[in-house]
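In: structure here, sequence nowhere to be found:
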């Protein structure tokens, strides 16, 4: 947590404004009773730590798709970011990530696993810096507002042959199994309405109706830091906002370990809206920390 954010939080409490407009949610203690901390980055260095992160969006998949002539929406998958006062800012500005013009789709992303295919998809190497099956996954963040933008905190299947796209570039169909968990996906155009989404993708058919959900937030996520978390256990997933459960799911869950992905996307779609041609840059998805825990054995 940055010194500035800590000062603001203390000031709000002193003035009796903890529930007032613009009040950041405080960061929980690093120690979590009943859990073991397995991964965390508080972004206290001026650069991303290569021990923890790949600074690109799914480069192994993009490289192989390019090799087989499968089109990609991204001109450049490398992340653009800055770290200031202990806060990582995944950034999109007019020229970076690189693209011909600011209306071209782009993404600034960090993730904890990647892969490389060999001559065929039968030959591959999984490059895990971190992946985990089950546990508590948490982020403290401030999101970005605007049409055509998406703030994302996801888990993805680390085995490249079992992800949501086949190695040949075909999207899996519902019924294949749970291969992606969205701790949140917040379109920039939904910020004013205070509407956020959480999902499990490619569920078994019987679970479809309650595995994709939206919920309301009574604050402006572009002006305040808040804490989003998700607890994943066999057959159940619970989503949390500032320590309170906002959604729950029971049903099929991923059967292998998953890696962490945090990203800011810009592209036009019916869901996100069109990229605003008059958008003011830079746009920053701000992350105070990412933490992961494993539940202690009982």
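Out: Yep, it's here. The shown structure was predicted, so the numbers you read here are calculated from the model rather than taken from an experiment.
In: enumerate every residue touching the residue nearest to residue 259 when sequence neighbours are not counted.
Out: The shortest distance from residue 259 to any non-neighbouring residue, by Cβ to Cβ, 6 or more residues apart in numbering, is to residue 113 (3.3 Å). The C-beta positions use only the backbone N, C-alpha and C, and glycine is treated the same way. For residue 113, the contacting residues are 54, 126-131, 156, 158, 259, by Cβ atoms under 8 Å, 6 or more residues apart in numbering.
In: going along the chain, name the strands of the stretch 1-150 of the chain.
Out: 35-41, 81-84, 87-92, 106-111, 113-117, 124-128, 135-142, 149-157 (DSSP state E, counting those that start in this stretch).
In: list the buried residues for the fifth one?
Out: This points to strand 113-117. 113-115, 117 (16 or more other Cβ atoms under 10 Å).
In: and what of the second one?
Out: Residues of strand 81-84 classed as buried under the neighbour-count rule (16+ other Cβ under 10 Å) are residue 81.
In: quick one: contacts for residue 127?
Out: Here residue 127 is in contact with 54, 60, 113-116 (Cβ under 8 Å, 6+ apart).
In: repeat that for residue 64.
Out: Counting by Cβ under 8 Å, 6+ apart, residue 64 touches 117, 121, 167.
In: out of those residues, which is nearest to residue 105?
Out: residue 167 (22.5 Å; Cβ to Cβ).
In: correct me, but that closest one touches residue 160?
Out: Yes - the criterion here is Cβ atoms under 8 Å, and residue 167 meets it with residue 160 at 6.5 Å.
In: who's the residue nearest to residue 259 bridged to?
Out: Under DSSP bridges, the beta-bridge partners of residue 113 are residue 128.
In: against residue 31, how distant is it?
Out: Counting by Cβ to Cβ, to the nearest Å, the gap from residue 113 to residue 31 is 26 Å.
In: for residue 136, same thing?
Out: 13 Å.
In: between these two, which is the more surrounded one?
Out: residue 136 (23 against 9; other Cβ atoms under 10 Å).
In: I figured that one hits residue 243, correct?
Out: No - look at residue 136 against residue 243 with Cβ under 8 Å: they stay out of range, at 11.8 Å.
In: pairing partners for the longest strand seen in the chain, with directions?
Out: Assignment by DSSP state E gives strand 283-295 as the longest strand of the chain. Its sheet considered, strand 283-295 pairs with strand 35-41 (antiparallel), strand 87-92 (antiparallel), strand 135-142 (antiparallel) by DSSP bridges.
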